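> would you be able to build a 3D model of this:
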Amino acid sequence: MLRPVRPSGWWFDAVLLAGFAAVTLALVWRTPLLDLDLAVRDFVDAHRPGWLDTTLRWCNRLGQGGQVLTPLALIAAFVMARRRHTVRPFLLVVGAFALTYVTIGPLKLWTDRLAASEHIDPHPELLFHAEQGMSYPSGHVVNAIVWYGVLAALLTGALRPGLVLAIRYTVPLVLLFTTTYLSFHWLSDGLAAILLGLFLDRVLQRVPWDAVPLGRIDRAGWGAPFFDRPAQVQAPERITR
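This next block holds a predicted model:
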């Protein structure tokens, strides 16, 4: 049985994939989206003071997968595994790493798009550049949606719900802004990354991690449920007279 997601059903997944395909085709067919990419790139290049450039470069590091996000997820998984006496938090981390590895990199190589800061031609074409580009989609934004979703899932119950939601949604929006404003990516790179990242996040949410058989680990007592823990029932208060 797959775990429930919100919105429920597969229709939202289909919308996300259709949106990603639409953005991709819009770039291939040279629609006005290319003109918007150029207009945004030229505007931010002309309105980027030095102090803001430095600040946003530091903020942009929040989306580095191998240097920041994966270690953070591993630390959170280790802490929660120790607290709950189960190794299942690590399953989500491994699943997220595998899913992003087989999607983001191959898509970047296939689309072969130069970054906004590198492109000097009047039309930012998407495919088949003479020089290899790896701009589409934005890996920082996809990683942020997936990995901060992993962190939110691991820390649910340990942190306040409002803080969990902030972790899950605020950082991806910050990275969409920073990667575009710094011309690391075209605007359309980030828009496509949001659609792809949300789809991958829903894939990870659906996996029944607590039902994955772990063999000897289960028999050793370290395979207890983690992601579908039943709510703790509080004992009724004693009535005093």
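
> shaky segments in the chain?
120-131, 229-241 (pLDDT under 70).

> center of it - which residue?
Against the mean C-alpha coordinate of the chain, by Cα atoms, centre = their mean, the closest residue is I145 at 2.2 Å.

> what strand or helix carries that one?
Element membership for I145 (DSSP states H and E) is helix 139-155.

> residues in contact with the residue nearest to the centre of the chain?
Neighbouring residues of I145 by Cβ atoms under 8 Å, 6 or more residues apart in numbering: P172, A193, I194, G197, L198, L200, D201. The C-beta positions use only the backbone N, C-alpha and C, and glycine is treated the same way.

> closest to A81 out of those residues?
A81 lies nearest to D201 out of the contacts of I145, by Cβ to Cβ, at 21.6 Å.

> picking up where we left off before, contact partners of the following helix or strand past the helix holding I145?
Later in the chain than helix 139-155, the nearest helix or strand by DSSP H and E is helix 161-181. For helix 161-181, contacts defined as Cβ under 8 Å, 6+ apart pick out 40, 44, 48, 56-57, 59-60, 62-63, 116, 138, 140-141, 144-145, 148-149, 151-152, 155-156, 159, 184-187, 189-190, 193-194, 197.

> mind checking which of these are buried?
For the contacts of helix 161-181, a neighbour count by 16 or more other Cβ atoms under 10 Å gives the buried set as 40, 44, 56, 59-60, 62-63, 116, 138, 140-141, 144-145, 148-149, 151-152, 155, 184-187, 189-190, 193-194, 197.

> how close does I75 get to Q205?
Distance of I75 to Q205, computed by Cβ to Cβ, to the nearest Å: 21 Å.

> what about the two, which has more around it?
Legend: neighbour count by other Cβ atoms under 10 Å for I75 and Q205, higher for Q205 (18 against 12).

> which SSE is the closest residue in space to P89 that isn't next to it in sequence in?
Leaving aside its sequence neighbours, P89 sits nearest to A77 (Cβ to Cβ, 6 or more residues apart in numbering; 3.9 Å). Element membership for A77 (DSSP H and E) is helix 70-84.

> buried sites along that helix?
By neighbour count on 16+ other Cβ under 10 Å, the buried set for helix 70-84 is T70, L72, A73, A76, A77, M80, A81, R84.

> swap in stretch 27-41?
L27, L33, L34, D37, L38, V40, R41.

> which non-adjacent residue is nearest D228?
Nearest one to D228, counting by Cβ to Cβ, 6+ apart, is D210 at 4.9 Å.

> residues touching L154, list them.
L154 sits next to A73, A76, A77, M80, P89, L92 when contact means Cβ under 8 Å, 6+ apart.

> now do L198
Neighbouring residues of L198 by Cβ under 8 Å, 6+ apart: L16, I145.

> which strand or helix spans it?
Using DSSP H and E, the element containing L198 is helix 187-206.

> and the angle from that helix to helix 139-155?
30 degrees (axes from the mean of the first three to the mean of the last three Cα atoms, to 10 degrees).

> in PDB, list the C-alpha atoms belonging to helix 187-206.
Provided in PDB are the C-alpha atoms of helix 187-206 (Å, rounded to 0.1, in the frame of the first residue of the first chain):
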ATOM      1  CA  LEU A 187      14.100  31.800 -14.900                       C
ATOM      2  CA  SER A 188      12.700  28.900 -16.800                       C
ATOM      3  CA  ASP A 189      15.300  26.600 -15.300                       C
ATOM      4  CA  GLY A 190      13.900  27.400 -11.900                       C
ATOM      5  CA  LEU A 191      10.300  27.100 -12.900                       C
ATOM      6  CA  ALA A 192      10.900  23.600 -14.500                       C
ATOM      7  CA  ALA A 193      12.900  22.600 -11.300                       C
ATOM      8  CA  ILE A 194       9.900  23.400  -9.100                       C
ATOM      9  CA  LEU A 195       7.600  21.200 -11.200                       C
ATOM     10  CA  LEU A 196      10.200  18.400 -11.300                       C
ATOM     11  CA  GLY A 197      11.100  18.700  -7.600                       C
ATOM     12  CA  LEU A 198       7.500  18.600  -6.400                       C
ATOM     13  CA  PHE A 199       6.900  15.500  -8.500                       C
ATOM     14  CA  LEU A 200      10.000  13.700  -7.100                       C
ATOM     15  CA  ASP A 201       9.000  14.800  -3.600                       C
ATOM     16  CA  ARG A 202       5.600  13.100  -4.000                       C
ATOM     17  CA  VAL A 203       7.300  10.000  -5.300                       C
ATOM     18  CA  LEU A 204       9.300   9.800  -2.100                       C
ATOM     19  CA  GLN A 205       6.300  10.600   0.100                       C
ATOM     20  CA  ARG A 206       4.400   7.700  -1.500                       C
END
